[in-house]
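**Q** What follows is a predicted structure for the sequence shown.
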Number of protein chains: 4
Amino acid sequence: MLTVDPTDPTPLYAQLDRGIRAAIASGQLKVGDRLPTVRRLAIDLRVNTNTVARVYAELERSGVLTTHRGVGTFVREASATQGTPARRDLDRDLRPLVDRLLAEAAVIGISLADVIRYLERLESRPTSEN
Amino acid sequence: MLTVDPTDPTPLYAQLDRGIRAAIASGQLKVGDRLPTVRRLAIDLRVNTNTVARVYAELERSGVLTTHRGVGTFVREASATQGTPARRDLDRDLRPLVDRLLAEAAVIGISLADVIRYLERLESRPTSEN
Amino acid sequence: MLTVDPTDPTPLYAQLDRGIRAAIASGQLKVGDRLPTVRRLAIDLRVNTNTVARVYAELERSGVLTTHRGVGTFVREASATQGTPARRDLDRDLRPLVDRLLAEAAVIGISLADVIRYLERLESRPTSEN
Amino acid sequence: MLTVDPTDPTPLYAQLDRGIRAAIASGQLKVGDRLPTVRRLAIDLRVNTNTVARVYAELERSGVLTTHRGVGTFVREASATQGTPARRDLDRDLRPLVDRLLAEAAVIGISLADVIRYLERLESRPTSEN
DNA sequence: GTGGTCTAGACCACG
DNA sequence: GTGGTCTAGACCACA
């Protein structure tokens, strides 16, 4: 479920950090769920153990995860979704995500119109959460 | 119009590269349009001249832009969009990109409907404030 | 083995790029071989670290090299050599390159026979002093 | 006959300078031959007039060309071929030319062996001078 | 210790 | 005045 893309210029640790937060925010990981061990995840992602360990540590420092020694690492909070539901600055917050999507879609020949059409279909028949 | 966020762990050059590709994909930059000069954009984005020049150079090597020395840098015809002209399996190709967007949008409390609304605005007002 | 000439008007990075491609083409560098580290080569060639790093990065984007962060840079499989696997019209494709070589060799008093002798030596002693 | 390649990283002026010297050395231009006018050549090569004019001026300064005002520009000397026929440092002089050939040949899928074979055929049935 | 990114600032090629 | 190349040197990501 969690993945990193070694060809993405974004640092691995940042990809993993975002990925975990996103999995929690979108409900794929729920409060109390146990995460893979550092070594397990490092192997699965083909990434150095230190990289995974550093991300877990940072997420624990942020209060997102909690580690019980000898037991495992768990989701601690439902990830502070929203934040400023009213004063959302979409151009600051959504823009980079959309730019990335459009840029990667364009590379494989998918246009903005295609994306919108696809999202509208998704909306009318929601798959899981969101 | 183009922006970068120095606090984003994504490298500046990657943010700018994506931003330009996305601007073209969304119609805000059209074939033949001239981009800001390297120095101008560097000042506007508060990044180094070399960083902008590097992005322009890479986008030229990728066939997205074309540069006329001593004249300027321009959007090139959308030739990069072959690849799979016919066989488009959106569920296979677009799905993972969309999933990541929605998961990361969820982190900051942005829903699918918000995303669709944002993209539709992008589509309807192309080539606005260059 | 790799060299650059600072008095040549050809940009240093282009000289190095060509030198590496030529070394691979002539068998002096083989698939899987590790290249000198960026810093090592920069010192040996008396050029800036960035110049070498830029060439390695571009050759990776071109699929000629592959880089393992924290490990090193290696020669990748000769995948770039598709294109026209069968249809090879040497008189159309090679001729102009050869003509230019011979004309420029003539400027410094080097004959066709000299060139052939030089290339044969290259071919017979591959992978010599790395 | 004279050409420049705008995609070659070598500066246009250097390409043209080399091209003229090479044409003289290889006998395509002979002593007393008239060169195209600056404007004519600029148009043919799709290059700025200043660029051609600067090359002609530099070659005149070097004694390779001579200009008769209102008449034209002419080849003045048979281009000092050889130079050090005995103590040729092939690795310094031939190497960059060969690297360029091999690198460009490799890009279009032509190997060192192909090049050698082609040159040997050329040698056995010489086409013009060389 | 290896490669990657960024900056400040100089100088060059070209129009 | 536009883009291109190079340097010195700092700091980061990763193994």
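**A** Thanks, I have the structure now.

**Q** Secondary structure element holding the nearest residue to A:Thr49 once chain neighbours are set aside?
**A** Counting by CB to CB, 6 or more residues apart in numbering or on different chains, A:Ala42 is the residue found nearest to A:Thr49 once chain neighbours are left out, at 4.4 Å. C-beta: built from backbone N, CA, C; applies to glycine. For A:Ala42, the host element (DSSP states H and E) is helix A:38-45.

**Q** Packing partners of that helix?
**A** In this structure, helix A:38-45 makes packing contacts with helix A:49-61, judged by 3 or more CB pairs under 8 Å, 6 or more residues apart in numbering or on different chains; DSSP states H and E.

**Q** Off-centre distance for the helix it packs on?
**A** Average the C-alpha atoms of helix A:49-61, do the same for its chain, and the two points are 15 Å apart (CA atoms, centre = their mean, to the nearest Å).

**Q** Going by contacts, tell me the helices and strands next to the host helix or strand of A:Asp114.
**A** Following DSSP H and E, one finds A:Asp114 within helix A:112-124. Counting by 3+ CB pairs under 8 Å, 6+ apart, the packing neighbours recorded for helix A:112-124 are helix A:95-107, helix B:90-107, helix B:112-124.

**Q** And the helix holding A:Ala42, how far out from the chain middle?
**A** Average the C-alpha atoms of helix A:38-45, do the same for its chain, and the two points are 16 Å apart (CA atoms, centre = their mean).

**Q** And that helix, what's buried?
**A** Buried residues in helix A:38-45, defined by neighbour count with 16 or more other CB atoms under 10 Å in any protein chain shown: A:Val38, A:Leu41, A:Ala42, A:Leu45.

**Q** Check stretch A:93-108 too.
**A** For stretch A:93-108, a neighbour-count test (16+ other CB under 10 Å) marks A:93-106 as buried.

**Q** got it, and stretch A:11-20?
**A** Buried positions in stretch A:11-20, judged by neighbour count with 16+ other CB under 10 Å: A:Leu12, A:Tyr13, A:Gln15, A:Leu16, A:Asp17, A:Arg18, A:Gly19, A:Ile20.

**Q** before we move on, back to that, now the helices and strands packed on helix A:112-124 in TSV, with distance to D:Glu60?
**A** What follows is the helices and strands packed on helix A:112-124, written out as TSV (distance: least, CB to CB, whole Å):
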stretch	distance to D:Glu60
helix A:95-107	50
helix B:90-107	60
helix B:112-124	58
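
**Q** With mean pLDDT added, can I get these in a markdown table?
**A** A markdown table is the format used below for these (pLDDT from 0 to 100):
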| stretch | mean pLDDT |
| --- | --- |
| helix A:95-107 | 95 |
| helix B:90-107 | 93 |
| helix B:112-124 | 93 |
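
**Q** show me what contacts the residue most central in space within chain A?
**A** Taking CA atoms, centre = their mean as the criterion, A:Gly19 is the residue nearest the geometric centre of chain A, at 2.3 Å. By CB atoms under 8 Å, 6 or more residues apart in numbering or on different chains, A:Gly19 lies in contact with A:Leu2, A:Thr3, A:Val4, B:Ala103.

**Q** Next up, identify which helix or strand the closest residue to the first one other than its chain neighbours is on.
**A** Take A:Leu2 and drop its neighbours on the chain: the residue closest to it by CB to CB, 6+ apart is A:Gly19, 4.9 Å away. Taking DSSP H and E as the definition, one finds A:Gly19 inside helix A:12-25.

**Q** so does that helix get close to DNA strand E?
**A** No: using CB under 7 Å from any atom of the strand, helix A:12-25 stays clear of DNA strand E, with a minimum separation of 11.3 Å.

**Q** does any bit of that helix sit next to DNA strand F?
**A** Yes: under the criterion of CB under 7 Å from any atom of the strand, helix A:12-25 makes contact with DNA strand F via A:Leu12, A:Tyr13, A:Ala14.

**Q** could you give the mean pLDDT of that helix?
**A** Rounded to a whole number, the mean pLDDT of helix A:12-25 is 95.

**Q** Go ahead and confirm A:Leu122 touches B:Leu112.
**A** Yes: the criterion here is CB atoms under 8 Å, and A:Leu122 meets it with B:Leu112 at 6.5 Å.

**Q** these two touch, right, A:Leu94 and B:Asp114?
**A** Yes: in terms of CB under 8 Å, A:Leu94 counts as a neighbour of B:Asp114; the distance is 7.3 Å.

**Q** Quick check: neighbours shared by these two?
**A** The contact sets of A:Leu94 and B:Asp114 overlap at B:Ala105 (CB under 8 Å, 6+ apart).

**Q** could you check whether stretch A:90-104 is close to chain C?
**A** No: if you take CB under 8 Å from any CB of the partner chain as the test, stretch A:90-104 misses chain C, and the best it gets is 15.9 Å.

**Q** check contacts around whichever residue of chain A sits closest to DNA strand F.
**A** With CB to the nearest atom of the strand, the shortest gap between chain A and DNA strand F falls at A:Asn48, namely 2.5 Å. With CB under 8 Å, 6+ apart as the criterion, the residues that contact A:Asn48 are A:Ala42, C:Gly70.

**Q** Now the phi/psi pair for it, please.
**A** Here is the backbone geometry of A:Asn48 (degrees, to the nearest 10): phi -70, psi 140.

**Q** got the end-to-end distance for stretch A:26-42?
**A** In terms of CA to CA, to the nearest Å, the two terminal residues of stretch A:26-42 are separated by 23 Å.

**Q** Please tell me I have it right and A:Glu120 contacts B:Ile116.
**A** Yes: counting by CB under 8 Å, A:Glu120 does reach B:Ile116; the two are 6.3 Å apart.

**Q** any residue of stretch A:32-46 up close to DNA strand F?
**A** No: among the residues of stretch A:32-46, none lie within reach of DNA strand F under CB under 7 Å from any atom of the strand; the closest is 7.7 Å away.

**Q** Endpoints of that stretch, how far apart?
**A** From its first residue to its last, stretch A:32-46 covers 26 Å (CA to CA).

**Q** Please list the outside residues in contact with that stretch.
**A** Counting contacts by CB under 8 Å, 6+ apart, the residues outside stretch A:32-46 that touch it are A:2-4, A:6, A:16, A:20, A:29, A:47-49, A:51-53, A:56, A:65, A:72-75.

**Q** Would you double-check that A:Thr73 falls in a strand?
**A** Yes: assessed with DSSP: H, G, I helix; E, B strand; the rest coil, A:Thr73 lies in a strand.

**Q** what residues are up against it?
**A** Taking CB under 8 Å, 6+ apart as the definition, contacts of A:Thr73 comprise A:Arg34, A:Leu35, A:Thr37, A:Val38, A:Tyr56, A:Glu60, A:Leu65, A:Thr66, A:Thr67.

**Q** Dump those residues to CSV, plus pLDDT and distance to DNA strand E.
**A** Converted to CSV, these look like this (pLDDT from 0 to 100; distance: CB to the nearest atom of the strand, whole Å):
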residue, pLDDT, distance to DNA strand E
A:Arg34, 94, 31
A:Leu35, 95, 26
A:Thr37, 95, 24
A:Val38, 94, 19
A:Tyr56, 95, 20
A:Glu60, 93, 23
A:Leu65, 94, 26
A:Thr66, 93, 29
A:Thr67, 91, 25
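
**Q** which among those residues end up buried?
**A** Burial of those was assessed by neighbour count (16+ other CB under 10 Å); the buried members are A:Leu35, A:Val38, A:Tyr56, A:Leu65, A:Thr67.

**Q** isn't A:Val55 right up against A:Asp17?
**A** Yes: contact status for A:Val55 versus A:Asp17: in contact at 5.2 Å, counting by CB under 8 Å.

**Q** Which segments of chain A make up each domain?
**A** Domain assignment of chain A by automatic domain parsing yields the ranges A:1-79, A:84-130.

**Q** I'd like these as a markdown table, with distance to B:Asp89 appended.
**A** Converted to a markdown table, the domains of chain A look like this (distance: least, CB to CB, whole Å):
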| stretch | distance to B:Asp89 |
| --- | --- |
| domain A:1-79 | 19 |
| domain A:84-130 | 10 |
